[in-house]
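Trainee: sequence-free structure coming up:
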DNA sequence: CATGAATGAGAGTTCATTCAT
DNA sequence: GATGAATGAACTCTCATTCAT
């Protein structure tokens, strides 16, 4: 359970991604396991901050180790590799947001309320998953080249389908304008939300839900006076 | 004329940024200058493509040299450093877009048309400056830490002022809704436009101006049916 | 305790010289420290030999690593840079000799005996600090250009003061000829001693103290028969 | 006559040192030859200044070319290599000083006056050959490793013989103290003179001959009051 | 004679990773 | 679990030198 590189993706079968050093015998009592897990999560959080601040490539494993007060080699007791750390960060984010998105859809609301719900979910993740989202924004171009992260592409495709279906349904029901390209519209909405992570400061003038409200206003009715 | 590190920033006084190796006597005839400049620009374009594709850090100078069919050391005949190449890319982009933005403002149109004009300028740069914009999107977090690129921050501030002033004027004239935060709105608009570079493919279904039209519709009137 | 770049200069306050990579948390037990220090000193000695033999610039870090039987990159586990190695070499030498000089002065002998004492101290360092002195003689011109080594200039000034004061006092007391320029005389003495490192071979006909005796004879009474 | 790498050593047969590119046909009218020679000498002087200031290794051919207002490649119209430039500098110095030393010996004076003459010759070269002497002092360790400069070692041996013979003769004639080692004494004298180049400033309080006088006083009679 | 572009070897340095203790 | 030493590959950059124009 606390093996290296653990990732539970609820969406895709965890097929075929490599799992280095997996075979070794590693059993432990329950108590220490929990402690180990805590330590591990702590390290992941430290790493996430650094990745967000300086970028994945620019962050060295020594940076992370320094922050944790250990030597860089010692990190390899907890993680297979630098990649597996960022993997853990992103997986955590994706698991949560996918579940939240599905919960919105499962409510079976009308398309307008569904869209509002999805937007609120996204903005709601801005604070708790700030680091993961920042990494996605800044380092996606680099990470996407690695087989290991192909699951992100799959999840992204699933999210796109959720949105496009909802937007199209909204058009059919006369809620949304007919002259919009659902795919294009989705992309704009998505990007606008996530990119906010670059300047959003928790504890600033507006909190995440205030931002969501502001954004929904513009998105639904535009900036013009009608 | 063909000195290393040449950059003409129309905005900021070019004060104090280092100009390596420039000191020596270097005067030249005339004809060769144009040829040298062509070669140089060719190399810059090659580098821009690679930076856009793989990221600034992940692109090695050998990658660039390989692409140009020369050895990595030979690049240093044309450029001081890897940084000075990306500098040239970004400066070219900023010089052009700043001039275009100012031209829009100088027309003295009403705020709505001005906003439309600014948006069209931005989308219009998506194709010719695709690489530069991609680098800005993906590597900004890394580049911003370097003194050398502080001019980008200055330019960015100037652009923000253009937008915020225009949006505020529009609100005063009753063109834009009063309940919008101009600064927040600007940021959303800005990010939404630039981030499009990630998926925009020249020669696709919509060209840049088609995108601009689509975007202006949503921005001005929202996705709702009124 | 075993941090990189450690240097204890007893003369100058260690103000403001950079201490790369030092920031991270780094605390240690005790026993290993001594071993680490031994390894480090061994490497410093190897490097010193090479610097003395081939010059600082002409000695590559790969040369040093080869001599130590490791890879060049591994040196950076122990030292920040090539410069920090030579720094360590020179600091060790300066700390020792400054202390020895001060000890001579603290005895409060008459100027003639003091001068003799200083000369003997200098010659006495020829063997144990042969490499450092050689580097000072051959590479000073290069090293003096670096901020990092400004402490050498300060120490040198302090030494000059010791000598000039002693020589002047000797003149006042009628021990040394009045028609000598103390500063000029000091420089001649100093250079004559240190430059001997170029041909002095430990285990040769004369040992360092034999040399000192020979030199003192010439210095005090000249080569003429009186 | 104006071929690359020209060196006329009056001492040693110019045996076997490589002469790159020597074969090529290169004839010229007398007038242009003189001009070329002037240009060449100018470049050598520029290079000598730089070598003296920064050291041979630390001076790049670009440094030299910059100083001359040309491109680095253009230097190779005048010289085979960086080494051949320093060779020219040192050869010029050695030719002159060897001739001057021999002239002193040829006067057949008594050993004391001969020693004084040799010392004055040496100090007299401090100003006109400051750069060459500086290079010898600072870069000798590096240059001595190259076959090309073996002639320096030969000349040095010849000079040593001149001195040692003179000092020994002086001892036999009862002019110099018996308890001195001639070889050791010679080395001290030699080093003390040349090393003065490090701090000797033309136009300072003492000119070269003033320095020589000061030095001869100390050397002959010591610093003690008798 | 000079230019300008390129070569090719090698420099110092970085860094993810391994592993015996 | 952690240390500390090391690996090995790669990186940016430098520089003497060559040569077609």
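Mentor: Structure received. As the structure is a prediction and not an experimental result, all values here were calculated from the model.
Trainee: taking chain A, what residue is nearest to DNA strand F?
Mentor: For chain A and DNA strand F, the shortest gap (CB to the nearest atom of the strand) falls at residue A:73, measuring 2.6 Å. For glycine as for every other residue, the C-beta is placed from the backbone atoms N, C-alpha and C.
Trainee: residues contacting that residue?
Mentor: residue A:65 (CB atoms under 8 Å, 6 or more residues apart in numbering or on different chains).
Trainee: in which helix or strand does the residue nearest the centre of chain A reside?
Mentor: In chain A, the residue lying closest to the centroid (CA atoms, centre = their mean) is residue A:93, at 3.6 Å. If you go by DSSP states H and E, residue A:93 is part of helix A:82-106.
Trainee: residue A:195 too?
Mentor: helix A:182-195.
Trainee: buried sites along that helix?
Mentor: Residues A:182, A:184-195 are the ones in helix A:182-195 that count as buried (16 or more other CB atoms under 10 Å in any protein chain shown).
Trainee: which among these gets closest to chain D?
Mentor: Chain D lies nearest to residue A:195 out of the buried residues of helix A:182-195, by CB to the nearest CB, at 45.6 Å.
Trainee: distance of the spatially closest residue to the closest one that is not a sequence neighbour from residue B:174?
Mentor: Spatial nearest neighbour of residue A:195, excluding adjacent residues (CB to CB, 6 or more residues apart in numbering or on different chains): residue B:191 at 3.9 Å. For residue B:191, the distance to residue B:174 equals 27 Å [CB to CB, to the nearest Å].
Trainee: one more: residue A:202?
Mentor: 35 Å.
Trainee: residue of chain A closest to DNA strand E, please.
Mentor: residue A:73 (2.8 Å).
Trainee: helix, strand, or coil at that residue?
Mentor: helix (DSSP: H, G, I helix; E, B strand; the rest coil).
Trainee: for residue A:67, which non-adjacent residue is spatially closest?
Mentor: Using CB to CB, 6+ apart, the nearest residue to residue A:67 is residue A:46, at 4.7 Å.
Trainee: the one you found contacts residue A:66, doesn't it?
Mentor: No. If you go by CB atoms under 8 Å, residue A:46 and residue A:66 don't touch, sitting 9.6 Å apart.
Trainee: and the helix or strand bottoming out on mean pLDDT in chain A, which residues are buried?
Mentor: Every helix and strand in chain A was compared by mean pLDDT, DSSP states H and E; the lowest is helix A:30-54, with a mean of 84. Neighbour counts using 16+ other CB under 10 Å place A:40, A:43, A:44, A:46, A:47, A:48, A:49, A:50, A:51, A:52, A:54 of helix A:30-54 among the buried residues.
Trainee: chain B: which of the residues you listed is nearest?
Mentor: Chain B lies nearest to residue A:54 out of the buried residues of helix A:30-54, by CB to the nearest CB, at 7.3 Å.
Trainee: you'd agree that closest one is up against residue A:63?
Mentor: Yes. Judged on CB under 8 Å, residue A:54 makes contact with residue A:63 at a distance of 7.4 Å.
Trainee: a helix runs through residue A:203, doesn't it?
Mentor: No. Using three-state DSSP, the assignment for residue A:203 is coil, not a helix.
Trainee: what's the pLDDT at it?
Mentor: Here the pLDDT value assigned to residue A:203 is 85.
Trainee: so what's it up against?
Mentor: By CB under 8 Å, 6+ apart, no residues touch residue A:203.
Trainee: same check, this time on residue A:54
Mentor: Residue A:54 touches A:63, B:141, B:142, B:145, counting by CB under 8 Å, 6+ apart.
Trainee: likewise for residue A:200?
Mentor: So residue A:200 contacts A:126, A:127, A:130, A:208, A:211 (CB under 8 Å, 6+ apart).
Trainee: max pairwise distance over those: which two?
Mentor: A:130 and A:211 (12.9 Å; CB to CB).
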